[in-house]
Structure formats: C-alpha cells, structure tokens
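In: missing the sequence, but the structure's below:
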C-alpha cells in the first residue's frame with residue numbers, strides 16, 4: 001500500500017501529535033542505513049569530514065586496483081579486459097554510494113576521473129586501438145559511459161573549476177586518441 005493511494009491516512013498521520021510523529025520518523029529512518037548515513041553527513045559533518053571521506057575512497061580505489069593487479073596482465077588479454085571491467089564496476093559502486101550520501105558533484109567528478117585515469121595509466125595495453133573481442137567491447141562501452149558521465153559533470157562546473165581540471169581533461173583526451181573509444185571531454 002502506498003501513502004498516496006490513501007489520502008485519509010496521510011492526513012491522519014499529519015494530524016498526529018508531534019512527539020508521536022517524531023517517534024515514527026526515528027523508527028523509519030533507523031530502518032534505512034543509507035538514509036542514516038546521509039543524515040549524519042548532512043547534519044553532523046563538515047567540509048573536513050568530506051575531505052576525509054574522499055581520502056578514504058581514494059585509498060579504497062588504490063587497494064582495489066592492487067587486489068586486481070595479479071588478474072590483469074598482458075598474457076590473457078581477453079580475461080584481463082573482463083577483470084578490469086569488474087574492477088571498474090566495483091569502484092563505481094563505491095563512488096555511487098559516496099554520491100548517495102554526500103550529493104557532492106566535485107568529489108564525484110574527481111573520484112570518477114581518478115578511476116578512469118588510473119585504468120588508462122595502469123592498463124594502457126588493454127586500450128590498444130586494434131584489440132577486439134567481446135570482453136574488450138564491453139570494457140570500451142562501459143568506459144564510454146563513464147566518460148560521458150564525467151563530461152556531463154565537467155560541463156556543469158563553473159569556469160574557474162573547469163580551468164582547475166583542464167590539464168587532466170587534456171591528458172584524458174590525449175590518451176583517448178589512440179584507443180577504440182571515440183569520445184572527447186569538453
């Protein structure tokens with residue numbers, strides 16, 4: 001049953017005494033861990049806490065790349081494409097959760113950009129222009145989606161902020177020229 005389907009119930013809930021509504025609200029909030037963390041961030045944390053959160057995520061990203069490194073190699077390229085894709089999806093999930101909690105677009109951009117740059121730097125051989133295969137195509141399609149997301153975040157930034165990231169954008173675009181991924185940020 002949805003509250004919007006029963007308008008009488010909605011009115012009755014709104015007419016409850018404040019103390020009773022507060023109890024119900026706390027019980028409901030407590031059932032959703034993500035909401036609890038979001039409220040904690042929004043109500044109790046400050047800019048310094050955001051910086052610490054982002055720093056922890058950078059560490060998680062580096063750790064995940066280290067864990068996956070022995071599975072990604074030049075010997076079995078097809079398996080390596082698949083493994084990198086799985087790693088990237090795991091890392092994206094970490095960033096998605098961070099965004100769900102903080103709603104911070106700048107740190108989302110920075111983290112997603114870092115994941116991309118690291119994948120290009122650590123595993124440039126997987127993005128060879130002449131590499132083919134199902135796993136390669138899936139990886140390239142996924143990276144294209146991430147690039148589009150980063151590009152849309154970048155386009156919404158103020159000019160001063162865009163200027164701060166210009167070097168990174170040029171570096172990514174330069175790398176993309178020699179890959180099967182035909183996209184350009186900015």
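Out: Okay, I see it. Nothing here was measured: the structure is a model prediction, and the numbers come from that model.

In: Counting residues, name the longest helix you see in the protein.
Out: Counting residues, the longest helix found in the chain (DSSP state H) is helix 77-102.

In: ranges for the helices of the chain?
Out: 7-14, 18-30, 33-44, 47-69, 77-102, 105-122, 134-155, 159-176.

In: The worst-scoring helix or strand of the chain on mean pLDDT to helix 18-30, inter-axis angle?
Out: The helix or strand of the chain with the poorest confidence is helix 7-14; it has a mean of 89 (mean pLDDT, DSSP states H and E). Here helix 7-14 runs at an angle of 110 degrees relative to helix 18-30 (axes from the mean of the first three to the mean of the last three Cα atoms, to 10 degrees).

In: Quick check: chain neighbours aside, which residue is closest to the most centrally placed residue in the chain?
Out: The centroid of the chain falls nearest to residue 95 when counting by Cα atoms, centre = their mean (3.2 Å). Using Cβ to Cβ, 6 or more residues apart in numbering and skipping residues adjacent in sequence, the residue nearest residue 95 is residue 111, 4.8 Å away. Every C-beta, even on glycine, is put in place using the N, C-alpha and C of the backbone.

In: so how far is residue 153 from that neighbour?
Out: Note on residue 111: its distance to residue 153, by Cβ to Cβ, to the nearest Å, is 11 Å.

In: Give me the more crowded residue out of these two.
Out: Comparing residue 111 with residue 153 by other Cβ atoms under 10 Å, the one with more neighbours is residue 111, at 22 against 17.

In: surely the residue nearest to residue 95 meets residue 98?
Out: Yes. Counting by Cβ atoms under 8 Å, residue 111 does reach residue 98; the two are 6.9 Å apart.
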